[in-house]
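Novice: Give the three-dimensional model of this entry:
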Amino acid sequence: MKVLLISPTQKGIGGIAQHVHGLSDFLIKNGHKVDIISSENTFTVPIKGLKNPSFMVSAFFKTKLKKGNDIIHAHNLPSALPMKNASGKKVLSLHGIYSEQVDLLHGKTTGKISSSFEKDALTWADAITVISQEAYEHYRKLGFKVLHVPNAIDISSLSQRKDRKYETQIIFAGRLSKEKGILTILEVAKKVPDNIHLLILGSGPEEQRVKEATKLRTNVHFLGYQPREKTIPLIRGSDILIQPSIIEGISSTILEAMACKTPVIATMVGGNKEILEHNKTGILVKSDSSAQIIEEIFNLISDKEKKTNLTDKAFNEVQKYDWSKVGNLYLDIYKSLINQ
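Specialist: Numbers count the residues shown, from 1 in each chain. Coordinates of the predicted model:
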């Protein structure tokens, strides 16, 4: 089978990039041919608000050079237009509720425009997949036939190395933007005691605010963007991973922390509620509640038995999100479309 993957990104610690990378590896390991169109190999304008539109246009023309594909698998709405232009059976995977994400980041006017485009784009696909149950229910209510295929990680590929820089360290790893809860992280940074060190990994629009915050506290450390081979040991070496997203699909970072046996404190939103069961496989808190996060940090650090119980159960739970299982769900969809 020959598969063309189209994605706004295929590198970095972001969820879509990791998903595309993991899917590509799974397909190649199982004997299929894979080609990828992404912003890493296609012209884009590297300016906020222009990167995705420019990717859509340049990838639209590039698809005409990609012949003989059985499956065109596009990821998120910026990839939908290039998908439409390509020949082959078409799969569109949504990594969240796209119009809600745009509304939060760029305002309601842009959100309405993206919502209209989204409804058109969904009609271009032969199959639509979503990574969370919340997104499944949302698009079903809009009248679309969607399939629920969760996000996945390759557990066996995760580094076993631990990178513990401080006696007690907690970590945030992700995009430094509003929807990922970075502003809540900065509130936590103001309140966390001096003996607990907070590591912040990532890049994004709020990077300058993060840098300013680290100047105020000697126990808050901004490490910038880190490749996966460095991020995983830092997660494995930390006492807690914090994920205070405002909106979220199925977070690769949470899955990786579960696989690393690092306990997770996450907000009670979107896919977080699907991955984690409160006080069983993780800790769920209200959105925008730095005080509750601080309280749960103290609880976990002081209660080693609870921490061990959480991480053991989380490790067992995360096994169903391994690419060895999730990848076959995509293969079943591909084969069904080809055999139609």
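Novice: can you give me the helices in the stretch 201-340 of the chain?
Specialist: Listed in chain order, the helices of the stretch 201-340 of the chain (DSSP state H, counting those that start in this stretch) span 207-216, 228-236, 252-259, 272-275, 290-302, 304-318, 323-338.
Novice: Would you reformat those as TSV and include distance to residue 57, mean pLDDT and mean neighbour count?
Specialist: Placement of C-beta: from N, CA and C, glycine included. Shown next, in TSV, are these (distance: least, CB to CB, whole Å; pLDDT from 0 to 100; neighbours: other CB atoms under 10 Å):
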stretch	distance to residue 57	mean pLDDT	mean neighbour count
helix 207-216	27	92	14
helix 228-236	30	96	20
helix 252-259	28	96	26
helix 272-275	34	94	21
helix 290-302	41	95	17
helix 304-318	38	97	16
helix 323-338	27	97	16
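Novice: Of all those, which one is nearest residue 44?
Specialist: Shortest distance between residue 44 and the helices of the stretch 201-340 of the chain, using CB to CB, is found for helix 207-216: 19.3 Å.
Novice: Give me the residue ranges of the stretch 101-250 of the chain where confidence is low.
Specialist: Counting by pLDDT under 70, the stretch 101-250 of the chain has low-confidence residues at 101-114.
Novice: which residue ranges form the strands in it?
Specialist: 127-130, 147-148, 169-173, 197-201, 220-224, 240-243 (DSSP state E, counting those that start in this stretch).
Novice: I'd like those as a markdown table, with mean neighbour count and distance to residue 289 appended.
Specialist: Shown next, in a markdown table, are the strands of the stretch 101-250 of the chain (neighbours: other CB atoms under 10 Å; distance: least, CB to CB, whole Å):
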| stretch | mean neighbour count | distance to residue 289 |
| --- | --- | --- |
| strand 127-130 | 23 | 27 |
| strand 147-148 | 16 | 29 |
| strand 169-173 | 24 | 15 |
| strand 197-201 | 23 | 17 |
| strand 220-224 | 17 | 19 |
| strand 240-243 | 26 | 12 |
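Novice: Out of those, which is closest to residue 51?
Specialist: Taking CB to CB, strand 220-224 is the member of the strands of the stretch 101-250 of the chain nearest to residue 51, at 19.5 Å.
Novice: partners of the closest one, with directions?
Specialist: Strand 220-224 pairs in its sheet with strand 197-201 (parallel), by DSSP bridges.
Novice: Need the residues that contact the strand it pairs with.
Specialist: 13, 165-166, 168-174, 176, 185, 188-189, 192, 210, 214, 217, 219-226, 231, 234, 238 (CB atoms under 8 Å, 6 or more residues apart in numbering).
Novice: Export the helices of the stretch 201-340 of the chain to CSV and append columns for distance to residue 68.
Specialist: Putting the helices of the stretch 201-340 of the chain into CSV (distance: least, CB to CB, whole Å) gives the following:
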stretch, distance to residue 68
helix 207-216, 42
helix 228-236, 32
helix 252-259, 31
helix 272-275, 37
helix 290-302, 51
helix 304-318, 37
helix 323-338, 13
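Novice: which one of those lies closest to residue 2?
Specialist: Here helix 323-338 is closest among the helices of the stretch 201-340 of the chain (CB to CB), at 10.5 Å.
Novice: one step back: now the strands of the stretch 101-250 of the chain in JSON lines, with distance to residue 42?
Specialist: Listed next are the strands of the stretch 101-250 of the chain as JSON lines, based on distance: least, CB to CB, whole Å:
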{"stretch": "strand 127-130", "distance to residue 42": "23"}
{"stretch": "strand 147-148", "distance to residue 42": "27"}
{"stretch": "strand 169-173", "distance to residue 42": "27"}
{"stretch": "strand 197-201", "distance to residue 42": "27"}
{"stretch": "strand 220-224", "distance to residue 42": "25"}
{"stretch": "strand 240-243", "distance to residue 42": "30"}
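Novice: how near is the closest residue to residue 167 other than its chain neighbours to residue 224?
Specialist: Sequence neighbours aside, residue 195 is the residue nearest to residue 167 in space, at 7.6 Å (criterion: CB to CB, 6 or more residues apart in numbering). As judged by CB to CB, to the nearest Å, residue 195 and residue 224 stand 24 Å apart.
Novice: go on, residue 79?
Specialist: 27 Å.
Novice: hmm, back to that, count of residues packed around the residue nearest to residue 167?
Specialist: By other CB atoms under 10 Å, 10 other residues sit near residue 195.
Novice: Test my guess that it contacts residue 170.
Specialist: No - applying CB atoms under 8 Å, one finds residue 195 not in contact with residue 170, separated by 11.5 Å.
Novice: And for the helix or strand where residue 4 lies, what's in contact with it?
Specialist: Here residue 4 sits within strand 2-6, counting by DSSP states H and E. Strand 2-6 is contacted from outside by 20, 23-24, 27, 32-38, 59, 63, 66, 68-75, 79, 82-83, 86, 88, 334, using CB under 8 Å, 6+ apart.
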